[in-house]
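>>> need coordinates for the below:
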Amino acid sequence: MHSYRRLNTKIATRVWQLCWWVLLACPATYSHADNLSPAKVTSYQYRTPGTSADHRFDYEMELLKLALTKTVAEFGPYELTPAAPMNLPRAMALANGEDNLIFKTSYTESLTKNFYYPPYPIDRGIFSYRVCFENKAAAQHTSALTQLSQLQQLTIGQGVGWLDNDILTHNGFTVIEATTYENLFPMLAGGRFDLFCRGISEVQSEWNNFGQIGGFAINQTFALYYPLPRFFWIHKSKPEAYARINRGLQLAYTDGSALKLWQRHYQDAMKATDLSSRRIFILRNPYLNNINPQYKPYFLGRKELKNH
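Coordinates of the predicted model:
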């Protein structure tokens, strides 16, 4: 009888121990089930051009998509949608809203007060070289230019809010601003200013889109150079968006996929622009104070550009 009771006690104790271990396992089981629920989709928006003919944003949006795709495993699914067309000042004003609005622009220290920037130069600095559209009046003077002081006598058109305006003004040029990018071409043709200087990868596509306006041509004799690293900018109220884009760009630049994308978009333009036959006027960019030097290994040097 005592043996029977001892056996029952042992069995009861064993059953209680098993139940206790099951109870300990239950929270982990429920936690795992919660993790299996559908992941939240994070929305991102990007600044769009004003017209379908404007392809200036194509490469950077592919790069942004590449960065987001490379971080799905770490940060979850995403959707990337275009924002309404807007100029740069408008995008900066809306970047602290509900949406994760991402915009691209050149570095200035003042931007870092309100915005984060992953230190990976979006276009590797190809826009540091500038080839100019010129109207017929300016063309009479540019073929004989040998000194920067001569070039500074000509006026240059730019879009409102572009850092190029400040850089060119700092280097002694007179800059005329237009409120929209599209207006710059008829303004140039109409003599409102003498030159409209563009990144070497932009010139041919813009000529195809706007050259039919008439009254201007692509200058073939000189180019400008000023270092112009450009980055994605994310408002400081969006630290998670910054962390994700920073991580995605790090992966893309490290594994070579960002370079392949860049080459697909820009290699032909670099070869088509005969920089070796042009006079290069070197300007100073005074707005690089306290920039994160991590961008430099990915930035094109002047020698690399001229060798293409």
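>>> any low-confidence regions in this protein?
The chain contains residues with pLDDT under 70 at 1-38, 49-55, 301-308.
>>> for it, just list every one of the strands.
42-46, 78-82, 100-106, 115-116, 129-135, 155-159, 174-178, 195-199, 216-218, 222-225, 230-235, 279-282 (DSSP state E).
>>> show me the beta-bridge partners of residue 231.
Beta-bridge pairing for residue 231 (DSSP bridges): residue 105.
>>> that one and residue 117 touch, don't they?
Yes - counting by C-beta atoms under 8 Å, residue 231 touches residue 117, with 4.0 Å between them. Where you see a C-beta, it was placed from the backbone N, CA and C, and this is true even at glycine.
>>> touching both of the two, which residues are there?
Counting by C-beta atoms under 8 Å, 6 or more residues apart in numbering, the common neighbours of residue 231 and residue 117 are residue 107.
>>> what's the burial count for the nearest residue to residue 144 once chain neighbours are set aside?
The spatial neighbour of residue 144 that comes closest, neighbours along the chain excluded (C-beta to C-beta, 6 or more residues apart in numbering), is residue 150 at 7.9 Å. Using other C-beta atoms under 10 Å, residue 150 has 13 other residues around it.
>>> and residue 215, how many neighbours?
Applying other C-beta under 10 Å, I find that residue 215 has 14 neighbouring residues.
>>> residues contacting it?
Residue 215 touches 135-136, 188-190, counting by C-beta under 8 Å, 6+ apart.
>>> for it, what are phi and psi?
Main-chain dihedrals, residue 215, degrees, to the nearest 10: phi 90, psi 0.
>>> please tell me how far it sits from residue 133.
According to C-beta to C-beta, to the nearest Å, residue 215 stands 10 Å off from residue 133.
>>> find the residues that touch each one of these two.
Contacts common to residue 215 and residue 133, judged by C-beta under 8 Å, 6+ apart, are residue 188.
>>> re the thing from before, go through the strands of the chain and name the closest to residue 205.
Closest approach to residue 205 among the strands of the chain is made by strand 195-199 (9.7 Å; C-beta to C-beta).
>>> that older thread, give the buried subset of the contacts of residue 215 as a ChimeraX selection command.
Buried subset of the contacts of residue 215, written as a ChimeraX selection, criterion 16 or more other C-beta atoms under 10 Å:
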select :135,188,189
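>>> quick check, nearest of the contacts of residue 215 to residue 266?
Taking the contacts of residue 215 together and measuring to residue 266 by C-beta to C-beta, the closest member is residue 188, at 24.1 Å.
>>> show me what contacts that closest one?
133-135, 157, 195-196, 215-216.
>>> what about residue 123, neighbour count?
A total of 22 residues lie near residue 123 under the criterion other C-beta under 10 Å.
>>> wait, it sits on residue 58?
No - with contact defined as C-beta under 8 Å, residue 123 does not count as touching residue 58 (11.5 Å).
>>> residue 60 is in contact with residue 122, isn't it?
Yes - counting by C-beta under 8 Å, residue 60 does reach residue 122; the two are 5.4 Å apart.
>>> which neighbours do these two have in common?
With C-beta under 8 Å, 6+ apart as the test, residue 60 and residue 122 both reach 104, 232.
>>> what about these two, which has more around it?
Just comparing residue 60 and residue 122: by other C-beta under 10 Å the higher neighbour count belongs to residue 122, 25 against 19.
>>> contacting residues for that one?
Listed by C-beta under 8 Å, 6+ apart, the contact set of residue 122 reads 59-60, 63, 104, 230-232.
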